[in-house]
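**Q** Provided below for reference: sequence and predicted model.
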Amino acid sequence: MGLDQYAFAVMPHKENTDFYYAVEPSEKIAQWRKNSNLQGYMENLFHKKRAEQGLEDTSEDWEAFNCQPLRLTFQDLQDLREAVTNKSLPHTEGFFFGATDEHHYAETLEFLDEADKAMRQDMEIYYDSWW
């Protein structure tokens, strides 16, 4: 048991949103195990996007960022690359999360390269996690 994280390339669809994809992912482009700081970064981004769209985080479904897809834009990926390169992901802890170590940074940079390739093929990128 613990934090499992995934990134998927998804075909564009008119019903895709920042928090939902209407078609099954075409390809899993990354997988992490207990990359807690990445989870904290994505949770912050999730709540920021919801707030920007006027979506209140009041229901229990949205209190915990768990099993919630999050679409990542080109800008999101650039910002993440900068945070990873500068090792400035937020320190994040959780019962099931473990601890981020150096190999997680390399894995995340590999993911960013794969995400860039997928976006050049007009795919959308989603992050998801389960803990």
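**A** Received it, and whenever you're ready, just let me know what you need.
**Q** pLDDT below threshold where in the chain?
**A** 1, 57-63, 100 (pLDDT under 70).
**Q** Bridged to the residue nearest to P12 when sequence neighbours are not counted, which residues?
**A** Leaving aside its chain neighbours, P12 sits nearest to E124 (5.6 Å; criterion: Cβ to Cβ, 6 or more residues apart in numbering). No exception for glycine: its C-beta is placed from N, CA and C like everyone else's. Bridge pairing for E124 (DSSP bridges) gives the partners V10.
**Q** thought E124 was touching Y20?
**A** No - applying Cβ atoms under 8 Å as the test, E124 and Y20 come out as separate, 11.3 Å apart.
**Q** of these two, who's got more company?
**A** Set E124 next to Y20 and count neighbours by other Cβ atoms under 10 Å: E124 wins out with 22 against 13.
**Q** before we move on, the earlier item: from F95, how far off is the residue nearest to P12?
**A** 31 Å (Cβ to Cβ, to the nearest Å).
**Q** Over to L3?
**A** Between L3 and F95 the computed distance is 10 Å (Cβ to Cβ).
**Q** out of those two, which sits in the busier spot?
**A** L3 (21 against 9).
**Q** quick one: contacts for the closest residue to the more buried one other than its chain neighbours?
**A** The shortest distance from L3 to any non-neighbouring residue, by Cβ to Cβ, 6+ apart, is to W131 (4.3 Å). Counting by Cβ atoms under 8 Å, 6 or more residues apart in numbering, W131 makes contact with 2-4, 39, 66, 94, 96-97.
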